[in-house]
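*Asks:* just to be clear, the model below is a prediction. Sequence and coordinates:
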Amino acid sequence: MNTYRLDAVLPARAFGIAAGLLIVGGVVLVAAIGLHWHVVVTAIAIVLVLLGAVQLTLALIVAFRGRVRISLDDGGYRLSALGRTSEHHWTDISRATVTEDQLRLYPRDDEEHPDRVPLLDPARGAELERLAAEVTERMRAAYGRLD
C-alpha cells in the first residue's frame, strides 16, 4: 500500500498578518481605553482586533482542512481530501484524468461527480505525476491490460 500526501503549505503569511493585527489592535485598544482617547480610536482598535481574529480563524481552517491523503493498494484506493472521504475498487473506476492541479477518478455509478485529488501545493507537482502513473498501473492491472 502506498500513501500520497498532497497537503497545502502552512499559511505562514496569514498567521503573520493575523498576529500583527491582533497585537497592534490590542495595544491601541488598551492605550485608547487607559488614556481616554477619542471613541473613534477605540472603534478602530476593536476593528483591528476583529480582523485579526477572522484572519487567524481562516488561517487555521486552511491549515487543518488543507490535507489530502490517498492510499492505493491492489484492490482500490481510499481518498481523504478537504474534509471528505471516498473509497472505491479499481474495477469501479471507469477512467482517470490528470490536469496540472488535480487528478480525477470517475466512478462508474456516478461519473458526473468524480473523486478529485487536488494539488494544494504547486511544489508537489512531481508527486501528483507519480500518483497518476501509479493509478494508471493499478487500473491496468485490475482490468488485466498490460499495454
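*Replies:* Yep, that arrived.
*Asks:* select the longest helix from the chain.
*Replies:* helix 39-65 (DSSP state H).
*Asks:* who's in contact with stretch 31-43?
*Replies:* Contacts to stretch 31-43, defined as Cβ atoms under 8 Å, 6 or more residues apart in numbering, come from residues 28-29, 45. Heads up, the C-betas are built off the backbone N, CA and C, glycines and all.
*Asks:* from the chain's centre, how far out does that stretch sit?
*Replies:* Mean-position distance between stretch 31-43 and its chain equals 40 Å (Cα atoms, centre = their mean, to the nearest Å).
*Asks:* how about the contacts made by the residue nearest in space to the middle of the chain?
*Replies:* Note on the chain: the residue nearest the mean C-alpha position is residue 66, at 2.2 Å, using Cα atoms, centre = their mean. Residue 66 makes contact with 7-8, 82, 120, according to Cβ under 8 Å, 6+ apart.
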